[in-house]
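K.L.:
please find the sequence and the predicted model below.
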Protein chains: 2
Amino acid sequence: MPKSSAIILSFILLSTFSFGICHFLPAQDRSPSAPSISQQGRQYRIQHAVTILKELDRLLSIPNVASDLTNIKRNADMLKEMLERRGIRTQLLQLENAPPAVFGELLSPGALRTVALYAHYDGQPVDPSLWKSNPWKPVLRDRPLEKGGHEISLDSLNSPLEGEWRLYARSASDDKAPIMALLAALDALRAGNIPLSVNLKLFFEGEEEAGSPNLAGLFEKYKDLLRADAWLLCDGPVHQSRRMQLYFGARGITELELTVYGPSRGLHSGHYGNWAPNPISLLADLLSSMRDGEGKIRIPHFLDDVRPLTDSEHRALLEIPAVEGQLRNDLGLAWNEGGQEALAERILHPAINFRGIQSGHVGDKTTNSIPSEAIASIDFRLVPDQTPDRVRSLVEEHIRREGFFIVHETPTTETRRAHPKVIKLAWGPGYPAARTSMDLPLSRALIRVVEQSTGEPVVKMPSLGGSVPMYLFIEQLKTPVIGFPIVNHDNNQHASDENLRLQNLWDGIEVFASVLALLGKVWP
Amino acid sequence: MPKSSAIILSFILLSTFSFGICHFLPAQDRSPSAPSISQQGRQYRIQHAVTILKELDRLLSIPNVASDLTNIKRNADMLKEMLERRGIRTQLLQLENAPPAVFGELLSPGALRTVALYAHYDGQPVDPSLWKSNPWKPVLRDRPLEKGGHEISLDSLNSPLEGEWRLYARSASDDKAPIMALLAALDALRAGNIPLSVNLKLFFEGEEEAGSPNLAGLFEKYKDLLRADAWLLCDGPVHQSRRMQLYFGARGITELELTVYGPSRGLHSGHYGNWAPNPISLLADLLSSMRDGEGKIRIPHFLDDVRPLTDSEHRALLEIPAVEGQLRNDLGLAWNEGGQEALAERILHPAINFRGIQSGHVGDKTTNSIPSEAIASIDFRLVPDQTPDRVRSLVEEHIRREGFFIVHETPTTETRRAHPKVIKLAWGPGYPAARTSMDLPLSRALIRVVEQSTGEPVVKMPSLGGSVPMYLFIEQLKTPVIGFPIVNHDNNQHASDENLRLQNLWDGIEVFASVLALLGKVWP
């Protein structure tokens, strides 16, 4: 069922329900249903749509690249003020020379569980020349730019605001939208006198897009403060079908740049072609030995550590809406790697992704030269129970077996004279995958509340294909973690013209309100 | 024997010879020997070294990229004036919108044969930012730049000019040096009253570095004017051992750019890695299927058309000085393709050279993306009797067998949706190899004169590794053609800081003088 029909249907079914019946009562008391709370969220956001959007607009207007500490601090201060205005006890968690994390806590009398919500307020760096408008001057448009969207002035807005409108700005989706949705959900519950069913902790990171270099340090330093019964990560997009999704894991990652060497200077490909080692040829052979064009990994023992799927994960896969046909069509593809296997299942396998390759010249810069080196950039996406260390060791063993002499710094001429097929390997830091069981009481309770709130099955993803450091929550904070995203999948996250589809903000307010009001009640 | 020792020895042996004994006598008459003519060349160039160098300096000061028609015309005009000043009947051979070729003719009374000399006066395009000095403001240095050469003012030069000095300018070697050496050789013969043994034709092309697009047209239009008994190509460098070499052929060439397609836009390598086709992976597999890292060609039937070597060619290979150890050392290599086979033999095989590859990003520009396309640039070096057409057809058959759908224009989205593994192939024009028999009377006579002139064995290369359109001389002008280069092998030809080692200019004057004075006498 398309989302819009579902909303209309829910509205018809629920419009006779009452709401707003509990005011500061303990969580266990008289319980509104998920639909009625969802309805309360909707009523609230319809009435206050302009106010909500303008508050988000102000938040989006502060540049938020993690390395820009001055502006990052302005973001943190504004978030602190936004939280405190809502009665949330707030503090900035700080490590030296790092963007602060914004921490907030809201106790609910009688609540037995504590849920912590994670989002990040920093954004990817921007190349303004690629943007249609200033990344930090939000622009509202009546449809996506690629469909000819026209600007709607933010100054003279009147309700209703259409769900298909898009707000363009860096972090409009990733991740300031869920922060705004969450605060609006709290406002909606308060307006309806609906208490929280859980104690709430908020943790907004300021350098996720810089690779979260201090997240482990913050977790270590503020371990006690961050204690919770569950962490929900409000990062990432909803399913490509536009259905709400929960993700119970994420792939890990480790990154590698390989440099293969030929002659120490470029050589005429006529005079030396067939004699001088060709680094592109050596690199092509090596890459080809690591995985084939169908995605099959050829490195021995690479799959040995992979943990099998559980029955629940298998079942969840079967229920995930098929998106492959539409995706192939959108992407100009007649095929995909892995044949009939669904995308959601493919990303439960480890992947070797060739991200870049560079040597010599192509196009009108082509020269008749054998290049002196060839470089490839790879990421390895890991699944439980692979580790970056084990992957590194398997990959290096494989490369040695392929006849290469491995160095980790740029080799000297002497090294190159001494060893055929010298290769430099530069490994990035990397981290392992994480997976939370779908069978936990928490997992079942969350699925139930979200499904009751939206009136349709939630997409249960055993894992994201992408990598977020969920393992830190599990390993360091010893807490189960589930991904709970709300923004549109077609949001140009990380790229130019990032945007938020307003309906996703509205839906986020409703579902956050339901979860905050009900999760503690159905969680055995 | 090192070249310098050879020169000293020759000088001692020959210094008692008389020279300059024939003035305007027919070629068959009283005959000076090769050593005496070489000595006449040496005497002349020592006396006139500054004048010769300054004339070359003026020629090198005119920018000479083929597409810069205004300056190309200035080069042609200056050459015409240089030839006419020497009593050579000169004309510019012209096709519409093309750089003119400079043609000159000098008859020698009584000569029975006509020898035509080819060189080109245009140069490779430059990137001035990569040059130490302006490519068209020649700079003399006391040693190569990479050995810390210091500038010597061209304004206040006095003899003697050291042989190891280097003149830096675009085309200092490739090809204005042989033009200057030839004209100075004519001056030396005239000063010594030594007649030419052959009628001489000169043909200086103005767009060799642009791929000689009009050479066939010029040959067609001026077929009668260009009739000769032999063509000598004064393009290319001497042997890496610094010994003079003659090359009796050249590899042909055909060029190919391949573009392999993935998704129509870059996709997150986490969310889609393992599902979206990875164009780098497809390209690596394909390149790997065409040749291996050792240079072995894997395309079926690619070697079927290769003509076996003759006995003379086999013998010549055995006499070529070994350069491989020194080359590997200079190039920081512990190995070369083809194992023990010598460089000179390796280039008698066809080669597949990967010149460039590009997809996505590496280094600090790396992104977590599966790129939407991957491009590789290849040249195929051909040997007799391969043809570009046959190679194209074998390569396309092979690529099809590898599962690709071939297009020759950028594919539409519909094409990409309809066919897995779409590849775009863009073929360059290309031309076949050429080989002149070492057993021709001309070949034997030329070898003899050069060896007598230099006092040491000439390196007889069955073929250049590089490609020059020698086939045009053989196929269109029906004339045997031999490569007769004089410039240093380490001249940075085609790159930045191109340079000429003065000793190569001096040696060129001597050997050209000997050949012009004697070839007609020993050619049966």
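P.N.:
Right, received. Where do you want to start?

K.L.:
quick one: the strands in the stretch 151-300 of chain A?
P.N.:
According to DSSP state E, counting those that start in this stretch, the stretch 151-300 of chain A carries its strands in the segments A:151-152, A:166-168, A:199-205, A:230-233, A:245-247, A:249-250, A:252-261, A:267-268.

K.L.:
can you give me the angle the longest helix along chain A makes with strand A:199-205?
P.N.:
For chain A, the helix with the greatest residue count under DSSP state H is helix A:502-522. Calculated by axes from the mean of the first three to the mean of the last three CA atoms, to 10 degrees, helix A:502-522 forms an angle of 140 degrees with strand A:199-205.

K.L.:
any idea which of the strands of the stretch 151-300 of chain A has the lowest pLDDT on average?
P.N.:
Across these, strand A:267-268 has the smallest mean pLDDT, namely a mean of 92.

K.L.:
for it, packing partners?
P.N.:
Strand A:267-268 sits against strand A:369-370, with contacts defined as 3 or more CB pairs under 8 Å, 6 or more residues apart in numbering or on different chains; DSSP states H and E. All C-beta spots, glycine's among them, are computed from the backbone N, C-alpha and C.

K.L.:
which SSE is immediately downstream of the strand it packs on?
P.N.:
The helix or strand immediately downstream of strand A:369-370 is strand A:373-382, counting by DSSP states H and E.

K.L.:
and the residue of chain A most remote from its centre, how far is that from B:Leu343?
P.N.:
Of all residues in chain A, A:His271 has its C-alpha farthest from the mean position, at 51.0 Å, by CA atoms, centre = their mean. Distance from A:His271 to B:Leu343, counting by CB to CB, to the nearest Å: 8 Å.

K.L.:
kindly report the same for A:Asn353.
P.N.:
39 Å.

K.L.:
how is chain A partitioned into domains?
P.N.:
A:3-250+A:434-522, A:252-307+A:345-427 (automatic domain parsing).

K.L.:
rewinding a little: which one's more surrounded, A:Asn353 and B:Leu343?
P.N.:
Neighbours per residue (other CB atoms under 10 Å in any protein chain shown) separate A:Asn353 from B:Leu343, with A:Asn353 holding more: 28 against 21.

K.L.:
now do the same contact list for that one.
P.N.:
Contacts for A:Asn353 (CB atoms under 8 Å, 6 or more residues apart in numbering or on different chains) come out as A:Ile378, A:Asp379, A:Phe380, A:Arg381, B:Ser269, B:Gly273, B:Asn274, B:Asn278, B:Asn368, B:Ile370.

K.L.:
count of residues packed around the closest residue to the first one other than its chain neighbours?
P.N.:
To tie it back to what came earlier, the one meant is A:Ile378. Distance criterion CB to CB, 6 or more residues apart in numbering or on different chains; nearest residue to A:Ile378, sequence neighbours excluded, is A:Leu256 at 4.7 Å. A:Leu256: 21 surrounding residues under other CB under 10 Å.

K.L.:
wait, doesn't A:Leu256 sit right on A:Glu396?
P.N.:
No. Taking contacts as CB atoms under 8 Å, A:Leu256 lies outside contact range of A:Glu396: 9.7 Å.

K.L.:
shared neighbours of those two, anything?
P.N.:
Listed as contacting both A:Leu256 and A:Glu396 by CB under 8 Å, 6+ apart are A:Leu425.

K.L.:
one step back: the residue farthest from the centre of chain A is in contact with B:Ser463, isn't it?
P.N.:
No. Using CB under 8 Å, A:His271 makes no contact with B:Ser463, being 10.7 Å away.

K.L.:
mind checking how far A:Phe405 is from A:Ile280?
P.N.:
A:Phe405 is 18 Å from A:Ile280, by CB to CB.

K.L.:
for the two, work out which one has more neighbours and name it.
P.N.:
A:Ile280 (28 against 17).

K.L.:
next one, pLDDT for the more buried one please.
P.N.:
98.

K.L.:
name the nearest residue to it, ignoring sequence neighbours.
P.N.:
B:Phe354 (3.7 Å).

K.L.:
ok, A:Glu498 next?
P.N.:
Nearest to A:Glu498 is A:Asn492, by CB to CB, 6+ apart, at 4.7 Å.

K.L.:
sec struct for the one you found, please.
P.N.:
coil (DSSP: H, G, I helix; E, B strand; the rest coil).

K.L.:
that one: how many residues sit nearby?
P.N.:
A:Asn492: 19 neighbours (other CB under 10 Å).

K.L.:
ok, A:Gly332 next?
P.N.:
Counted with other CB under 10 Å, A:Gly332 comes out at 21.

K.L.:
I'd say it and B:Gly262 touch.
P.N.:
No. Contact criterion CB under 8 Å: A:Gly332 and B:Gly262 do not qualify, at 9.3 Å.

K.L.:
so where's chain A uncertain?
P.N.:
Applying pLDDT under 70 to chain A flags the ranges A:1-31.

K.L.:
taking the centroid of it, which residue is nearest it?
P.N.:
A:Gly236 (3.4 Å).

K.L.:
settle this for me: that one is touching A:Gly466, isn't it.
P.N.:
Yes. A:Gly236 sits in contact with A:Gly466 when judged by CB under 8 Å, with a separation of 7.2 Å.

K.L.:
what residues are up against the residue farthest from the centre of chain A?
P.N.:
So A:His271 contacts B:Ile347, B:Leu464, B:Gly465, B:Gly466 (CB under 8 Å, 6+ apart).

K.L.:
ok, 7 Å please
P.N.:
For A:His271, the contact set (CB atoms under 7 Å, 6 or more residues apart in numbering or on different chains) comprises B:Gly465, B:Gly466.

K.L.:
likewise for A:Arg355?
P.N.:
Per CB under 7 Å, 6+ apart, neighbours of A:Arg355: A:Ser377, A:Ile378, A:Asp379, B:Ser269, B:Gly360, B:Thr366, B:Thr367, B:Asn368, B:Ser369.

K.L.:
can you rerun that using 8 Å?
P.N.:
So A:Arg355 contacts A:377-379, B:269, B:280, B:360-361, B:366-371 (CB under 8 Å, 6+ apart).

K.L.:
how close does A:Val50 get to A:Asp57?
P.N.:
Distance from A:Val50 to A:Asp57, counting by CB to CB: 10 Å.
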